[in-house]
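Q: Here is my input, please return the structure:
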Amino acid sequence: MRTTRRIVAVGAAAALLAAVGAPAWAAPGPSVTTPYPAVVVGPGETVTFELTVSAPGRQRVDLAVRDVPKGWRAVLRGGGFVIDGVMTDPDQPPAVELEVEVPPDAAPGRYGLEVVGSSATGTDVLRIDLRVSRGAQGGVALTTDSPRLAGPADSTFTFDLQLRNDTPRDATFDLGGAGPPGWLVDVRPVGEQLATSIRVGGGESESVQVEVDPPDDTVAGRYSVLVRAAGGGLSARAELVVEITGNYELVFTTPDERLSADVGAGGTTTVVMVVRNTGTAPLADLRFDADPPTDWTVRFVPERIPQVAPGDSAQVRVLITPSGDAVAGDYIVRLSARNDQVSEDVDLRTTVRTSGLWGFVGIALILAALGGLWWVFQRYGRR
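A: Now for the predicted structure:
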């Protein structure tokens with residue numbers, strides 16, 4: 001009996017020593033790590049952590065997320081699935097991601113959560129720290145190297161812009177633009193004809209083209225065109241400038257557009273002419289000239305007009321004096337209106353009519369001659 005107890009005692013002591021020494025011989029537990037365990041995020045952002053899960057040999061490691069802040073969402077993903085564990089492989093570690101969604105109303109401050117990896121050989125805990133800052137979420141921007149273009153009103157102006165998404169998440173943006181009333185503004189992705197939206201990855205940029213078509217009668221000047229992109233709670237805008245250089249056109253005519261006048265030989269006749277600005281640029285320093293028949297005089301009142309705005313008109317009086325010996329008939333007087341940009345010539349048909357007094361004088365002379373002949377015949381005809 002004593003021998004038996006001693007063996008049992010020795011066996012028990014050996015078992016106790018084996019149990020005490022077990023930790024020195026056991027295989028190490030799993031490891032859960034990430035390159036960036038502390039990040040700064042903005043309210044409403046979704047941030048993704050790449051995790052490395054390892055363990056000696058091939059073994060299953062169960063994964064869990066704990067201490068998630070209230071209102072936040074944390075999900076473990078791998079292989080296209082939401083996962084609760086992985087199978088480790090020293091030659092090809094599994095790809096695991098922790099996706100953390102920060103609520104839009106998250107107050108600025110420091111927050112934390114833990115990723116726990118457990119296996120048959122032990123447990124590892126990875127601490128994730130997140131600092132919420134309203135200025136950390138980035139934004140979007142519309143930029144261009146040429147925000148201002150110039151040309152005549154009948155041109156189409158094309159701008160090339162870049163839409164930059166500086167947030168960590170992808171977003172789809174609706175595109176639009178607005179100009180002055182009557183202008184056509186077309187905003188679309190480069191290479192697309194009908195699309196009015198564009199998807200831009202987080203941290204990436206895409207090209208956007210803007211075509212601006214003003215009305216042909218747009219007055220010369222500078223005009224603003226606003227381009228915007230909005231989506232996913234984000235927005236950007238850019239202001240473009242179109243400078244219309246204008247075109248110069250004028251019409252020189254009479255108020256009723258009848259280019260004819262009656263004038264009297266030796267007298268002065270006033271003809272009213274109208275200058276109409278039918279272009280889109282102001283007509284400045286208008287001058288007038290005439291090419292009349294020999295010995296005629298033509299004067300303009302006023303001799304110059306400082307400016308006629310687009311769509312407006314101005315009158316000038318033309319004083320025409322034929323020569324005193326002008327024979328009755330039709331004559332052409334060429335009138336010109338011009339400035340440094342444009343000119344217009346018209347032919348005014350003038351009809352010279354002799355005075356009625358000369359008609360009476362002629363009739364009187366004829367009657368006098370007839371009376372003289374009658375007297376002669378009466379006095380000498382019987383002899």
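Q: Could you list the low-pLDDT ranges of this structure?
A: Within the chain, the ranges that satisfy pLDDT under 70 run 1-27, 135-138, 354-362, 375-376, 378-383.
Q: who are the neighbours in contact with residue 249?
A: Each residue near residue 249 by CB atoms under 8 Å, 6 or more residues apart in numbering is listed here: 277, 278, 279, 342. In this view, the C-beta of every residue, glycine as well, is placed from N, C-alpha and C.
Q: domain ranges for the chain?
A: For the chain, automatic domain parsing gives the domain ranges 31-132, 140-244, 250-356.
Q: Make CSV out of these and add distance to residue 363 and mean neighbour count.
A: Output for the domains of the chain, formatted as CSV (distance: least, CB to CB, whole Å; neighbours: other CB atoms under 10 Å):
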stretch, distance to residue 363, mean neighbour count
domain 31-132, 106, 16
domain 140-244, 60, 16
domain 250-356, 11, 15
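Q: ok so, going back, redo the contacts of residue 249 as TSV? Include secondary structure and distance to residue 330.
A: Shown next, in TSV, are these (DSSP: H, G, I helix; E, B strand; the rest coil; distance: CB to CB, whole Å):
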residue	secondary structure	distance to residue 330
277	strand	31
278	coil	29
279	coil	33
342	coil	29
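Q: Out of the residues you listed, the closest to residue 242 would be?
A: residue 279 (17.7 Å; CB to CB).
Q: now stretch 316-328: how far from the chain's centre is it?
A: 58 Å (CA atoms, centre = their mean, to the nearest Å).
Q: should've said stretch 212-229
A: 9 Å.
Q: coming back round to it: and the domains of the chain: which comes nearest residue 368?
A: That would be domain 250-356 among these, by CB to CB, at 18.7 Å.
Q: thinking again about what came up before, want to throw the domains of the chain into CSV with distance to residue 377?
A: Formatted as CSV, these follow (distance: least, CB to CB, whole Å):
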stretch, distance to residue 377
domain 31-132, 127
domain 140-244, 80
domain 250-356, 32
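Q: Of those, give the one that comes closest to residue 369.
A: Nearest of those (CB to CB): domain 250-356, 20.5 Å.
Q: closest one to residue 365 among the domains of the chain?
A: Taking these one by one with CB to CB, domain 250-356 is closest: 15.0 Å.
Q: My guess is residue 49 contacts residue 129. True?
A: No: look at residue 49 against residue 129 with CB atoms under 8 Å: they stay out of range, at 11.0 Å.
Q: Common neighbours of the two, please.
A: With CB under 8 Å, 6+ apart as the test, residue 49 and residue 129 both reach 37, 39.
Q: quick revisit: wait, which of the domains of the chain is closest to residue 366?
A: With CB to CB as the yardstick, what comes closest out of the domains of the chain is domain 250-356 (15.7 Å).
Q: so which helix or strand takes in residue 98?
A: strand 95-101 (DSSP states H and E).
Q: again with residue 366
A: Using DSSP H and E, residue 366 sits within helix 356-380.
Q: again with residue 86
A: Element membership for residue 86, per DSSP H and E: strand 85-87.
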